[in-house]
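Trainee: One predicted model, sequence on top.
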Amino acid sequence: MSRRLLIVDDALIIREIIKDAVTSAGWEIAGEAVNGQQAVEQYERLRPDAVTLDLVMPEYDGLHALEGILQIDPRAKVVVVSALDQKNILKQAFKIGATDFVVKPFVNDALVQTLETLVNEPIQSQAT
């Protein structure tokens, strides 16, 4: 079964790089968003297996998108794709509930491996 990804980044070139990396590894692109508002709307409608999320975007940033996505689905698998010079924002993202991160510029295989690891992790039982 194909895994489905929502790509969220305001930069078309980054969305295209991510798309190329994951589709060659067998992923399906569920959708794309260019700001946080679109990300939340797309997540609610599409319910992808994973999300790649830029943090710095116009209008409605990645932190707000992350909060909105996790309100819809507390077990959402969100990988932050961000530059290292955004450490403070990245720390906030983990406090909110980001699952993992990949630093821009990234190696395609590293991004794919991160996503594969996330979607293959067993879901923690709520009745422990």
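Mentor: Perfect, I can see it now. None of the values given here were measured: they were computed from a predicted structure. Numbers count the residues shown, from 1 in each chain.

Trainee: Distance check, the most centrally placed residue in the chain against residue 19.
Mentor: Central residue of the chain (Cα atoms, centre = their mean): residue 52, 2.2 Å from the mean position. Counting by Cβ to Cβ, to the nearest Å, the separation of residue 52 from residue 19 is 10 Å. Glycine gets a C-beta too; all of them are placed from N, C-alpha and C.

Trainee: Give the intersection of the neighbour lists for those two.
Mentor: residue 7 (Cβ atoms under 8 Å, 6 or more residues apart in numbering).

Trainee: My guess is the residue nearest to the centre of the chain contacts residue 11. True?
Mentor: No. Using Cβ atoms under 8 Å as the test, residue 52 is too far from residue 11 to be in contact (12.0 Å).

Trainee: how about the nearest residue to residue 118 once chain neighbours are set aside, phi and psi?
Mentor: Leaving aside its sequence neighbours, residue 118 sits nearest to residue 77 (Cβ to Cβ, 6 or more residues apart in numbering; 4.5 Å). Residue 77 adopts backbone torsions of phi -100, psi 100, taken as degrees, to the nearest 10.

Trainee: Can I get the host helix or strand of the residue nearest to the centre of the chain as CSV, trimmed to CA atoms?
Mentor: In this assignment (DSSP states H and E), residue 52 forms part of strand 50-53. This file holds the C-alpha atoms of strand 50-53, laid out as CSV (Å, rounded to 0.1, in the frame of the first residue of the first chain):
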residue,chain,number,x,y,z
ALA,A,50,2.8,12.0,7.1
VAL,A,51,3.5,15.7,6.6
THR,A,52,6.6,17.6,5.8
LEU,A,53,6.3,21.1,7.3
